[in-house]
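1. need a 3D model of the sequence below.
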Amino acid sequence: MTIVGIDDTDSRTRGMCTTYAAALLADRIRETGGHVERVLLVRLNPAVEYKTRGNAALAVHCDLPAERAFDLATALVDEHAARTDERTNPGVVVADDDLGARPEWVQSVSRRAVRELLDPEPDVQEPLAAAGYRHRGWGNGRGLVGAVAALGAWEGFREGAPAEWPTDWTYECITYRERDRWGTDRAVDPDSVFAVADEYYPDIWDTVDRGEGEAVCVPNTPGPVLHGIRGDDPDIAREAARAIESEAVERRELFVTNQGTDMHLRDAAPEAVVDGRAYRVTGEVVDAPETREGGHVFVTLGFPEREREEPLPCVAFEPTKRFRDRVRALRAGDRVTVCGEVTDGALKLEKFAVRGLNDIELVTPDCPDCGRSMKSAGRAAGYRCRDCKTSADGKVERTVERDLEPGWYEVPPCARRHIAKPLVRGGFDGSTHPER
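-> Just a heads-up that it's a prediction; the model follows:
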């Protein structure tokens, strides 16, 4: 088996899509008489500065000789990559399925690229050349990082991975537009998208956002993707994709992917949290959430029992929409587990779990005789009712009605990262409150 890793053929502004490059490569391999075992779509660390929207790298597993597959892949990049964009720096790497001269290194790059920030030259480009892998980089060669990560992902996400590493794969059936329609408005019937989402849920997920009335499987970028159906069953993903009514279709490809797995998250002690990585962290809400300019909601976690002395700011940005109401419903003393990427010292919330609710508040006591609120009797003198002459030593506890329940809450589909695991997929350590 030959594996072709490919990355960074697209542009944020000029279209193209590396999934499309991989779909084209798979078809060209088939046209030459080769067999394609699978096409892998690997979502890497979402905190990478240079990524396009989804930070995807691709791998095609086939039975062509490695040299022939390499020639097909490099010719395709020359023909289709958005190389007029200076930020587009494609990479292609090819190896047999034994992963060549340094298989452990390739697998480690696959895992690290999902959770860390790699330095392209010392971490990837130099060892790649020294080990003699077939490879080619365009521009500054940054795409070689993703290409190596995709090359080793199939084995690397299993062999040598940490015990807590997610091992499940999901699927996405991507439908592509005819080339002359790229950059124009997509003609996809929204009623059919919502009907498909209703019929096949929860086997497919993140197809629509019912709260926002949005078909999230249909992108608004200038590239070739018409729509993408994600799910846990490949046959159902294909069937659902075919059921959507739309403009003419150029091609479809089924991808095996780590989307919807939370593979980017690592469990960490609060004192170990650093920028550029994504975490699960448990702490206690310090004060009331605050809505700031732009509609972003901030909440701060403290860790009284940990070595980390400074609190951790967490933020639900405006695009997370109704999720912000869940964050606003938190109050000081709540114990929560938060998940998300850390940038500039703040954690960008993707989901959180309520572990314990503070449903007690201290209030001024009422007079037991007349029922009116008592008044302060002076500094450190407690409270008294001036009419009835009754007194109390201090404030009393009162149960607070809460709008939250214990369990997991998530951003809606319109704000979900590709790699983030939807609650509907299950496997969480508590009850869940899925968004649809």
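2. so residue 336 lies in a helix, does it not?
-> No: counting by DSSP: H, G, I helix; E, B strand; the rest coil, one finds residue 336 to be strand, located in no helix.
3. helix, strand, or coil at the nearest residue to it once chain neighbours are set aside?
-> Nearest-residue entry for residue 336: residue 352, 5.1 Å, with adjacent residues in sequence omitted and distances by C-beta to C-beta, 6 or more residues apart in numbering. Where you see a C-beta, it was placed from the backbone N, CA and C, and this is true even at glycine. Following three-state DSSP, the label given to residue 352 is strand.
4. pretty sure residue 352 is touching residue 338, no?
-> Yes: assessed by C-beta atoms under 8 Å, residue 352 is found in contact with residue 338 at 4.7 Å.
5. what touches both of these two?
-> In terms of C-beta atoms under 8 Å, 6 or more residues apart in numbering, residue 352 and residue 338 are both contacted by the residues residue 314.
6. so those two - more neighbours on which side?
-> A direct count of neighbours by other C-beta atoms under 10 Å for residue 352 and residue 338 places residue 352 higher, at 30 against 22.
7. how close does the more buried one sit to residue 5?
-> Per C-beta to C-beta, to the nearest Å, residue 352 is found 35 Å from residue 5.
8. and whichever helix or strand residue 349 is part of, what does it pack onto?
-> Assessed by DSSP states H and E, residue 349 sits inside strand 346-356. With contacts taken as 3 or more C-beta pairs under 8 Å, 6 or more residues apart in numbering; DSSP states H and E, strand 346-356 sits against strand 278-285, strand 312-316, helix 323-328, strand 335-343, strand 407-410.
9. within its sheet, name the partner strands of it and how each one runs.
-> Using DSSP bridges, the strands paired with strand 346-356 are strand 312-316 (parallel), strand 335-343 (antiparallel), strand 407-410 (antiparallel).
10. nearest to residue 389, of those strands?
-> Nearest of these to residue 389, taken as C-beta to C-beta: strand 335-343 at 41.7 Å.
11. may I see the buried residues of that closest one?
-> Neighbour-count burial for strand 335-343 flags 335, 336, 337, 338, 339, 340, 341, 342 (criterion: 16 or more other C-beta atoms under 10 Å).
12. mean confidence for stretch 108-120?
-> If you average the pLDDT over stretch 108-120, you get 94.
13. may I have that stretch exported as CSV, CA atoms only?
-> Presented in CSV, the C-alpha positions along stretch 108-120 are these (Å, rounded to 0.1, in the frame of the first residue of the first chain):
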residue,chain,number,x,y,z
SER,A,108,4.8,11.2,16.3
VAL,A,109,4.4,14.1,13.8
SER,A,110,0.8,13.0,13.2
ARG,A,111,0.0,13.1,16.9
ARG,A,112,1.9,16.3,17.7
ALA,A,113,0.4,18.2,14.7
VAL,A,114,-3.1,17.7,16.2
ARG,A,115,-2.2,19.0,19.7
GLU,A,116,0.9,21.1,19.4
LEU,A,117,2.6,23.9,17.3
LEU,A,118,5.4,22.5,15.2
ASP,A,119,8.3,24.4,13.7
PRO,A,120,8.3,23.4,10.1
